[in-house]
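Asker: Model the structure of this input:
(2 chains)
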Amino acid sequence: MKTTIRALTAAAALVALLQALPAAADDAVYNNDFRVGLYSVFYHTSGDDLQGPYVPAGVNFKADNLETLYVGYVRSLPANLQVEVALGYPPLSKVEGKGLATVGSVPYNGQVVSSARWLSPTVLLEYVFLSPDSKLRPFIGVGVNYTSFYDRTQTAAGDAASGGPTRLSLSSSVGPAGTVGATYKFTPRWHLNMSYSITRVNSHVETDTAGVIRTTEIKFGPQALVVSGGYSF
Amino acid sequence: MRKSPRSLGYIGTLSVILSAALLAACGGDSSTTSTVSNSTTPGTLAVDPPFRIASLSASALTSELSASATGAQLLEVTGTPTCGVDFYYIKFWTQGGSKETTESSGALMVPTGGASCTGARPIVLYAHGTNANQALNIADITDTTNTEGILVAAMFAAQGYIVVAPNYAGYDISTLGYHPFLNASQQSGEMMDILTAARTALPGTLSSATTDSGKLFITGYSEGGHVAMATERAMLAAKATVTAAAPMSGPYALEAFGDAIFYGDVDIGSTEFAPLLVNSYQHAYSNVYSAPTDVFSATYAATAVTQLPSTTPIDTLFEEGLLPELALFDSTAPVVDIPGEAALSAGLTAALAVPTVNPANPETAIFALGFGSPYLVTNDFRVSYAVDAATNPDGAVPTPTAGVPLAAKAPTQGLRLDLYTNDMRTGWAPTVPTLLCGGDADPTVFFSVNTETMEAYWSTQVAEGLVTVLDVGATPTSTAGFAPIQVAFLTSQAELLAYYQTAAGGGLSLAAATAAVVENYHSNVAPFCALAARSFFDTVLLGS
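Answerer: Residues are numbered from 1 along each chain as shown, chains lettered A, B, ... in the order given. Next comes the predicted model:
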């Protein structure tokens, strides 16, 4: 709810900004959009319990929701199609322990056990409804997402639950993505975009604590609300 | 529709942004794990910091133990934990029985909790008893079969002692391929190596609020009793700090113990110990056999030598006929005929006869169980050992001799010479407080041959009061000192006898229940001797 309110607030601010711009006399058609906005990512994490030596049953994870900068490039194609390359500024995702209240006597459930940044570009082929002259143009799209994790850090709480300093690795993911959204054109160059995207991100997670290897498969299923302002050129 | 002439420029801008993000992606991985040492020097901590298997608070440990009947019984002996315990899995470098470089592993148990559990704490260096399970990891408190690890955790670590205990070379991760069983030099060296590694590890653990006070107590049970005594001897010889020691139920007087067994007093567990011993000494000294058939009967020769320790449960080995459960020797006893030695031959023939069961002496029934067919050790090997024992007699067996010296001259038979080499009666005596604890009816490691022999051997060598001998099976004559422990042990034996006769305990007859109590006597002594050791260490600490 808090994230949604922030997204709507950002949208309102962008609308105000765009409306304050002088009306353009430009009636040209532009094929390129550059968009900047807010990415609100809602994770729907699910995964197998962590497997490996000395792991009690019921040790699992979840990722905290987050917001980050959205940057996108859209290229118009014939027949109401367009290609979007969407990229968020690599966010720092915090991973919380889920399941057991404690591992042994070490607090686990709800503890931030690790964090990682994601590089997660998505390429989408979108169909845009209505004519290019319309101020409001809904669109739907499908595409592919590539996600790579880096700056993986295990917190002190994570180390305590794992049994010592832990190297964390998450495999990169390639998965399908889908989006629905709409563009509202204020001027031929300036417009506001809102979209809701669903991506499938699966990763093989491996932890190495003093040579003791534990693994799990985790599905992040991020859903992203994007509110952005765009400039056509 | 026209194309903006500036569009390529904007794409260029976007590329910069994307490139920046990609560069950020190359920012690296800040999660790290322990360092693996490149050195294989004995005593080197192989993985630093070590892995913590579990961290249990005092209340969690109490709850875990209370959840099972055996755990609850253990708590009655050890008392309620006053400290939490962090269980670390130590990997370190040591040497095998013939100086092979090998990695070994073990436990570092660190007390945690309040001020009485952290800060500078004494170390208990513990040596475990014989275990047939090659996968044994005494640090793994999550393994309910790790009874000795649970015992030392509850007895020592949960009461404020840092515990350091090796799994031994040949177990767990060690690739040595055999276990240097009852090899005093190797096992004491390994004890000192894990102590060095544990002391290196402790400051870097998650439990660094607990530190080493410098006080060192050495103890161990059964095989570990021998290891503990050998370690005490080695550390004192190296002028290392030893605060006190408490070897428990160990085969200290190995030559005497071996003689007793070969003369027919076969102990319970001998068919497990014999392969371990032969394999250990063959690796260390290469003098036990030319071929395994020199020692072992044709039935078992192909597999017996390398059989143990094993990842196959020993009961399965018995069931599959890979080892005899009881029959160490042939039930058809040898007739000894040494040319020109008629008297010696006759004497040995009589000495090597299958023991006659005497109802008045329950031990004879146990000894007799060690004879059967198929059997493990050949009569020829038994005779060769016995001839040496008769020619170079031990001071304690078959008849104790005043002063209890070892053989007047070194044995010549390979195995007996190796036992002599590893016998603790080797010209040393403790110079720090030492408790020898055991039970006088122990059918596995004979109390009289080992503990009382050491007591007699040292009687003229050590200062009054420096060595204390405790027989937990003796009826106390007063309520002082260890008397409550003796009373508790005798009570537990009586309770066990009654339990075996209940439906829950198997509904055994009195005779069968009595046999079951005898069979488990050796392991049942362990917690009571450990309690005596802790009490002894507590007392020494108070006085230091």
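
Asker: Every contact and neighbour count from this point should use C-alpha atoms.
Answerer: Fine.

Asker: does the most centrally placed residue in chain A belong to a helix or a strand, and which?
Answerer: Geometric centre of chain A, nearest residue: A:Val41, 4.7 Å, by CA atoms, centre = their mean. According to DSSP states H and E, A:Val41 maps onto strand A:32-42.

Asker: residues contacting the closest residue to A:Ser228 other than its chain neighbours?
Answerer: Among residues not flanking A:Ser228 along the chain, A:Gly37 sits closest, at 3.7 Å (CA to CA, 6 or more residues apart in numbering or on different chains). By CA atoms under 8 Å, 6 or more residues apart in numbering or on different chains, the contact set of A:Gly37 is A:Leu69, A:Tyr70, A:Val71, A:Val226, A:Val227, A:Ser228, A:Gly229.

Asker: So what's the residue count around the fourth one?
Answerer: By the criterion of other CA atoms under 10 Å in any protein chain shown, A:Val226 has 27 neighbours.

Asker: coming back round to it: what's the separation between the residue nearest to A:Ser228 and B:Ala153?
Answerer: Separation of A:Gly37 from B:Ala153 (CA to CA, to the nearest Å): 58 Å.

Asker: Same check on B:Val518?
Answerer: B:Val518 is 26 Å from B:Ala153, by CA to CA.

Asker: for B:Glu272, same thing?
Answerer: 26 Å.

Asker: same question, B:Glu455
Answerer: Taking CA to CA, one finds B:Glu455 at 29 Å from B:Ala153.

Asker: Please say which of those two ends up with more neighbours.
Answerer: Taking other CA under 10 Å, B:Glu455 and B:Ala153 do not tie; B:Ala153 has more neighbours (30 against 18).

Asker: The more buried one - nearest residue in space that isn't next to it in sequence?
Answerer: B:Ala153's closest residue in space is B:Met109 (CA to CA, 6+ apart), at 7.0 Å.

Asker: B:Gly114 too?
Answerer: In space, B:Gly114 is closest to B:Cys83, 7.4 Å off (CA to CA, 6+ apart).

Asker: Which pLDDT value does the model give that neighbour?
Answerer: Looking at B:Cys83, its pLDDT reads 98.

Asker: wait, what's in contact with it?
Answerer: B:Ser57, B:Ala58, B:Pro111, B:Thr112, B:Gly113, B:Gly114, B:Ser116, B:Cys117, B:Ala157, B:Ala158, B:Gln159, B:Gly160.

Asker: Pull out the buried residues from those.
Answerer: B:Ser57, B:Ala58, B:Pro111, B:Thr112, B:Gly113, B:Cys117, B:Ala157, B:Ala158, B:Gln159, B:Gly160 (16 or more other CA atoms under 10 Å in any protein chain shown).

Asker: Please narrow those to those residing in strands.
Answerer: Applying DSSP state E to the buried ones among the contacts of B:Cys83, the entries found in strands are B:Pro111, B:Thr112.

Asker: Same list (the contacts of B:Cys83) but as CSV, adding distance to B:Gly506 and pLDDT.
Answerer: CSV is the format used below for those (distance: CA to CA, whole Å; pLDDT from 0 to 100):
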residue, distance to B:Gly506, pLDDT
B:Ser57, 35, 98
B:Ala58, 34, 98
B:Pro111, 38, 98
B:Thr112, 40, 98
B:Gly113, 41, 96
B:Gly114, 43, 89
B:Ser116, 43, 92
B:Cys117, 41, 97
B:Ala157, 34, 98
B:Ala158, 33, 98
B:Gln159, 35, 98
B:Gly160, 38, 98
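
Asker: so which of these comes closest to chain A?
Answerer: Nearest to chain A among these is B:Ser57, at 5.8 Å by CA to the nearest CA.

Asker: Quick check: phi and psi on that closest one?
Answerer: When read as degrees, to the nearest 10, the backbone of B:Ser57 gives phi -70, psi 170.

Asker: shouldn't it be in contact with B:Gly113?
Answerer: Yes. Counting by CA atoms under 8 Å, B:Gly113 is a contact partner of B:Ser57 at 7.1 Å.

Asker: shared neighbours of the two, which are they?
Answerer: B:Cys83, B:Gly84.

Asker: who's the residue of the stretch 51-200 of chain B found nearest chain A bridged to?
Answerer: Nearest to chain A, among the residues of the stretch 51-200 of chain B, is B:Arg52, at 4.2 Å (CA to the nearest CA). When assigned by DSSP bridges, B:Arg52 has beta-bridge partners B:Tyr88.
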